[in-house]
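Engineer: Sequence plus the predicted model coming up.
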Amino acid sequence: MMQSLLFLFLFLGVLIWLIVLTFFLLRTARNYSVFTEGVRKKTLEEVLTNMVKEQKLAKKDIAFLNTRCDNIEKDGLLHIQKIGLLRFNPFKDTGGDQSFILSLLNHHDTGVVITALYSRSGTRWYAKKVVNGKGHEHELSEDEKKSLSIAKTHE
């Protein structure tokens, strides 16, 4: 009786062990077929070597694209990003707000302010360089400062 019980436990233990081994073997076979799917007459080593090569190429491509993207973003900071337009009437003898100030600034608030003053005798144009939000070589008028303020708030 004791021997048959011992034999039964041993048999059940071996059976459970075989079931566990079968499960892992089937899972490994399934993973192998996933790796080698669509590949004819290649070993797993060849497939994995090819995957490593492709991964290295992908890493190089991603590094190149990251560098290029950083350069584009850096260059983009220098392009016109902020625009301010202010129409006004500087002279009482003319009708309407036909004069204007146009502010064109980059990300660093550097650019140009263009002023057009309309009068009955003609239109006069002025341009002033702006660096870091302030007039560089010439002082800005109050209206030009308003135009800069409009540009800064409409990014």
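Structural biologist: Thanks, I have it. Note that the coordinates shown come from a computational prediction; the quantities given were computed from them, not determined experimentally.

Engineer: how about the strands in the chain?
Structural biologist: Secondary structure of the chain, counting by DSSP state E: strands at 82-88, 99-105, 111-119, 122-131, 134-135.

Engineer: Lowest mean pLDDT across those strands, which one is that?
Structural biologist: Confidence, taken as mean pLDDT, is least for strand 134-135 of the strands of the chain (a mean of 89).

Engineer: which residue is nearest the centroid of the protein?
Structural biologist: In the chain, the centroid-proximal residue (CA atoms, centre = their mean) is residue 69; its distance is 7.3 Å.

Engineer: Against residue 60, how distant is it?
Structural biologist: Using CB to CB, to the nearest Å, we find residue 69 at a distance of 15 Å from residue 60. Every residue, glycine included, has its C-beta placed from N, CA and C.

Engineer: still on that earlier bit, what would the strands of the chain look like in TSV with mean neighbour count and distance to residue 7?
Structural biologist: Compiled in TSV, the strands of the chain are given as follows (neighbours: other CB atoms under 10 Å; distance: least, CB to CB, whole Å):
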stretch	mean neighbour count	distance to residue 7
strand 82-88	17	88
strand 99-105	21	91
strand 111-119	18	93
strand 122-131	12	95
strand 134-135	14	97
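
Engineer: Which of those sits closest to residue 149?
Structural biologist: Taking CB to CB as the measure, those were each checked against residue 149, and strand 82-88 came out nearest at 7.1 Å.

Engineer: now that closest one and strand 99-105, what's the angle there?
Structural biologist: Direction vectors for strand 82-88 and strand 99-105, defined by axes from the mean of the first three to the mean of the last three CA atoms, to 10 degrees, enclose an angle of 170 degrees.

Engineer: Would you mind giving the orientation angle of strand 82-88 with respect to strand 111-119?
Structural biologist: Orientation of strand 82-88 against strand 111-119 (the same axes, to 10 degrees) gives an angle of 20 degrees.

Engineer: who does strand 82-88 touch, helix- and strand-wise?
Structural biologist: Taking 3 or more CB pairs under 8 Å, 6 or more residues apart in numbering; DSSP states H and E as the contact definition, the neighbouring helices and strands of strand 82-88 are strand 99-105, helix 142-153.

Engineer: got the contact list for the shortest one?
Structural biologist: Contacts of strand 99-105 from elsewhere in the structure, counted by CB atoms under 8 Å, 6 or more residues apart in numbering, are 80-90, 111-118, 130, 133, 143-144, 146-148, 150-152.
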